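K.L.:
Give me a model of this one.
(2 chains)
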2 protein chains.
Amino acid sequence: MVRGRISRLSVHDLRFPTSLEGHGSDAMHTDPDYSAAYVVLETDAEDGLKGCGLTFTLGKGTEVVVCAVNALAPHLLNKDLGDIVGDFRGFYRQLTSDGQLRWIGPEKGAVHLATAAVLNAVWDLWAKQEGKDPRMLLSCIDFRYITDVLTEEEAYEILQKGQVGKKEREEQMQTQGYPAYTTSCAWLGYTDTRLTQLCSEALKDGWTRFKVKVGADLQDDIRRCRLIRNVIGPEKTLMMDANQRWDVPEAVEWMAKLAEFKPLWIEEPTCPDDILGHAAISKCHNRVIFKQLLQAKALQFLQIDSCRLGSVNENLSVLLMAKKFGVPVCPHAGGVGLCELVQHLIIFDFISVSASLKDRMCEYVDHLHEHFKYPVVIRKACYMPPKDAGYSTEMKEESVRQHQYPDGEVWKELLAAQGN
Amino acid sequence: MVRGRISRLSVHDLRFPTSLEGHGSDAMHTDPDYSAAYVVLETDAEDGLKGCGLTFTLGKGTEVVVCAVNALAPHLLNKDLGDIVGDFRGFYRQLTSDGQLRWIGPEKGAVHLATAAVLNAVWDLWAKQEGKDPRMLLSCIDFRYITDVLTEEEAYEILQKGQVGKKEREEQMQTQGYPAYTTSCAWLGYTDTRLTQLCSEALKDGWTRFKVKVGADLQDDIRRCRLIRNVIGPEKTLMMDANQRWDVPEAVEWMAKLAEFKPLWIEEPTCPDDILGHAAISKCHNRVIFKQLLQAKALQFLQIDSCRLGSVNENLSVLLMAKKFGVPVCPHAGGVGLCELVQHLIIFDFISVSASLKDRMCEYVDHLHEHFKYPVVIRKACYMPPKDAGYSTEMKEESVRQHQYPDGEVWKELLAAQGN
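P.N.:
Numbering: from 1, shown residues only, chains lettered A, B, ... in the order given. Predicted structure coming up:
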């Protein structure tokens, strides 16, 4: 039974000073402070359960997303959770189609990140209360703008077919987990020594799939890729990520030079809005972009993001379209909390939609998990299924308090040291 | 000579309660309060000139854009205007590629609207100080992500060719102005009586081109289009705008039913991100979307927006690409200040780029011009060239004071009446 009226929505600007160590650095984001707009929903129900949700940001601009969350808040406050999830498609559309607010999106940028944070919190709260079935899942999806490619009936058929062998796949997940790859070893801001050391350690820990950041300087890239291949050998899997650094002709030229290192894919070679210019792309901002990439056969691997799309609702529609087009989903993760969230999506995809692990893996980055109450569990380079109810989004109170920007202890000290 | 160091950036949340009268209402935006994030730049130069810029919004969410403007402010404060416009391409990229802030875009949503507001103010200030030449204009354009379609050399050739006959076209603009069409007569929220009356009046004032909002209800649309055709007759030009209301198959079906009213174009039939699904589209959020629409031959008319793209800088690149592909530009305008801004772009396009008026016209809406110090001048359904230096963005102090949200007089009264 779904229960409770939403009595409070609070949102926090949390920042982690990852730029101090070069964590997360790439060709376009040289000094990211991994951050989150972190939403907590409370209800008047006696169970005392809270819904926690977040969207991931890089420091500056988090305050803009916080502001957008506050702009969405009136749509949630004093609503019954039952009414929200009872017509979740309608509620999703209410948030994304507000007649005034949609102008500053629609379904993109700060306001869509805020939508993700808010809806992630609703899913967390709902999941803490009860389970789901296929019909219920379908009723969460807004099919607007994608019916030319996927109708509700087709989506239902896919989920029905996904029931076959479901139990076996659940057991497989419980014992072996979902295959992961690591991005922790090769950030652009790391020294060669650190790179080599981290790759060796990861190998020892059982990692067989690695991602390296490229795109800022070709000679650097060649040196770093050679270093990595020397450590991991020719058989292990290597992916590259240019984080939108190149123009289209530049991407073709640059990748020709890096081909000798045998990358499985090149991620974000150019602008994320450039569908026609792409051979592969990721971190799209909504289902309509993904739809076209599939239609245009412009990607070989589809990388969803739990915080850039409009929460589970929109990710469901993308998983279903990927299944229809036969393209493997390899989620983007890392950041703050992205691994915690996306594991739910990809394990659900395996159990209920794709039913396959062929060419599939989920990104993993080993940072900031210690701030979560229910952190991911990685075993032998695989994500083990989460055991606690909810969307694994809840952070420790202590972590929230310390990392609030600009008043938490961590930032008070750092900003004082910077003389701000 | 460019002069001054930017000593102050202030930003105002201005809202006009247009929803009270149904002005601006369409199938997706039923109750818009035309609004603006309004930026004023001051320098330490003795000339006392101010740069005013804005981006257009619909009420709620303006505070989010204001927050984004404040996030961009450190890039401008204490900078010399000469350094900014001296490497304007670099400065544009600095704003749009901030390593942390770009995550909440990039080049889309609230943060890109904020970029437009800030850069519009820079252009206003710069234009108040001095004139431009082709080379200088080129140095304002960031060609990142569009070099596969338009290089700097090609752009220069286009502008060079545009010098031929320039003087004659300047004179033509001075005497006849740039052809406009009106959207003031047929908002979705207007009654049939009002619709008929406004169309008759517009006819008398010399208007020959009209746009009607459609998409909410087919029978309503048929009745309203018939009414309008009855008033304006079969020879006048009629455009339709669905404001993103339909899925792709729905758009095809609906438009078949409205074809008898002979629309010249159908604007925004579906999601603005859906390049492949389009036969015509507008209000794209950046040059990369426009590039693909041109590549995919997915539009017959290109509708730029002075406040959704990154100011003059990004609009220049789109005008040049449209010229290369031979697609006529018919700007979107209306809102608050869009007409004031876009007239500069389209008259420049005619004089220096397209050199043609064939199939070309600029939208006009007759609202809120009274708040501007240098409002547009319309004569015989044509935009007359602005005579004052600057980007015509400056608003009257009194207007700014009264419409600040939520503390201006207008809003104090309205909010009190609503019991907030």
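K.L.:
who in the stretch 251-400 of chain A is up against chain B?
P.N.:
A:270-277, A:285-286, A:288-289, A:291-292, A:295-296 (CB under 8 Å from any CB of the partner chain). Every C-beta, even on glycine, is put in place using the N, C-alpha and C of the backbone.
K.L.:
Which ones among those residues lie within helices?
P.N.:
Under the assignment DSSP state H, these contribute A:288-289, A:291-292, A:295 to helices.
K.L.:
Let me see the domain layout of chain A.
P.N.:
Domain segmentation of chain A under automatic domain parsing yields A:6-131, A:153-397.
K.L.:
still on that earlier bit, now the residues of the stretch 251-400 of chain A next to chain B: which count as buried?
P.N.:
Burial of these was assessed by neighbour count (16 or more other CB atoms under 10 Å in any protein chain shown); the buried members are A:270-277, A:285-286, A:288-289, A:291-292, A:295.
K.L.:
hmm, back to that, which of the residues of the stretch 251-400 of chain A next to chain B scores worst on pLDDT?
P.N.:
Minimum pLDDT for those is recorded at A:Gly277 (67).
K.L.:
For chain B, what is the nearest residue in chain A?
P.N.:
Distances between chain A and chain B by CB to the nearest CB are smallest at A:Gly109, namely 1.3 Å.
K.L.:
my read: that residue touches A:Asn286, true?
P.N.:
No - A:Gly109 is not in contact with A:Asn286 according to CB atoms under 8 Å; the separation is 10.3 Å.
K.L.:
In the stretch 201-350 of chain A, what residue spans correspond to helices?
P.N.:
A:218-232, A:248-258, A:287-295, A:311-325, A:338-348 (DSSP state H, counting those that start in this stretch).
K.L.:
worst average pLDDT in those helices?
P.N.:
helix A:287-295 (a mean of 78).
K.L.:
Show me what that helix is in contact with.
P.N.:
A:107, A:145-146, A:149-150, A:272-273, A:275, A:278, A:281, A:284, A:298-299, A:302, A:309, A:314, A:317-318, A:321-322, A:324-325, A:327, B:271, B:273-277 (CB atoms under 8 Å, 6 or more residues apart in numbering or on different chains).
K.L.:
do stretch A:401-420 as well
P.N.:
Under CB under 8 Å, 6+ apart, the answer for stretch A:401-420 is A:12-17, A:35, A:62-63, A:371.
K.L.:
Pick out whichever of the ones in helices among the residues of the stretch 251-400 of chain A next to chain B sits closest to A:Ala202.
P.N.:
Of all those, A:Ala202 sits closest to A:Ile289, with 32.2 Å by CB to CB.
K.L.:
how near is the closest one to A:Leu309?
P.N.:
Between A:Ile289 and A:Leu309 the computed distance is 10 Å (CB to CB, to the nearest Å).
K.L.:
Contact residues of the stretch 1-150 of chain A facing chain B?
P.N.:
So the stretch 1-150 of chain A meets chain B at A:28-33, A:57-61, A:63-65, A:67-68, A:71, A:97-113, A:143-148 (CB under 8 Å from any CB).
K.L.:
I'd like to know which of those are part of strands.
P.N.:
A:Thr57 (DSSP state E).
K.L.:
Which of the residues of the stretch 1-150 of chain A next to chain B fall within helices?
P.N.:
Assigned to helices by DSSP H, the following of the residues of the stretch 1-150 of chain A next to chain B qualify: A:63-65, A:67-68, A:71, A:109-113.
K.L.:
In these, which residue is surrounded by the most others?
P.N.:
A:Ala110 (37 neighbours; other CB atoms under 10 Å in any protein chain shown).
K.L.:
pretty sure it is in contact with A:Ile104, am I right?
P.N.:
Yes - between A:Ala110 and A:Ile104 there is a contact at 7.4 Å, judged by CB under 8 Å.
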